[in-house]
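Q: test case, fold it:
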Amino acid sequence: MPLKFSGRASVVGETTYGSSGQPYIYNFENGMGFRVSTKRMYFPDGTEFEGVGIRPDVEVIPTAADIKTGRDPVMEKAVAMAQAK
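A: Numbers count the residues shown, from 1 in each chain. As a prediction, the model looks like this:
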């Protein structure tokens, strides 16, 4: 988030899922469980981040064929952008 909103980087890929990565995890004895966000995060303009995510500057969505063949179109795009500068 800091790199995108400071303009110091271009984000390439898919919109993130909007998680701080700090959930509370509870596992029940029957094998079920749940995760609840434990930290509220906000964008610099004050709008909520949790459940919203960060939209990339350049959207690149890998396909099933990319994954199956080991191709990484997100990295390819990022490298091409870096080489063009």
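
Q: please identify which helix or strand holds Asp66.
A: Element membership for Asp66 (DSSP states H and E) is helix 64-69.

Q: could I have the CA atoms of that helix written out in CSV?
A: Extracted as CSV, the C-alpha positions of helix 64-69 are listed here (Å, rounded to 0.1, in the frame of the first residue of the first chain):
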residue,chain,number,x,y,z
ALA,A,64,-5.0,-21.9,-15.8
ALA,A,65,-2.8,-22.7,-18.8
ASP,A,66,-0.1,-20.3,-17.4
ILE,A,67,-0.2,-22.0,-14.1
LYS,A,68,-0.1,-25.5,-15.6
THR,A,69,2.9,-24.7,-17.8
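
Q: centroid residue for this protein?
A: Centroid-nearest residue in the chain, with C-alpha atoms, centre = their mean: Thr16, separated by 2.7 Å.

Q: helices or strands up against the host helix or strand of Tyr24?
A: Assigned by DSSP H and E, Tyr24 falls within strand 23-27. The contact analysis (3 or more C-beta pairs under 8 Å, 6 or more residues apart in numbering; DSSP states H and E) places strand 23-27 against strand 33-37. For the C-beta atoms, the positions are set from N, CA and C on the backbone; glycine is no exception.

Q: average pLDDT across the helix or strand following the strand it packs on?
A: Using DSSP H and E, the helix or strand that follows strand 33-37 in sequence is strand 58-59. For strand 58-59, mean pLDDT rounds to 97.

Q: tell me which strands strand 58-59 pairs with, and in which orientation.
A: strand 12-13 (parallel) (DSSP bridges).

Q: give me the contacts around the partner strand.
A: Pro56, Asp57, Val58, Glu59, Val60, Ile61, Val74, Lys77, Ala78, Met81 (C-beta atoms under 8 Å, 6 or more residues apart in numbering).

Q: now for those residues: which two are most distant?
A: Ile61 and Met81 (16.2 Å; C-beta to C-beta).

Q: what about the strand holding Tyr24, distance to the chain center?
A: 21 Å (C-alpha atoms, centre = their mean, to the nearest Å).
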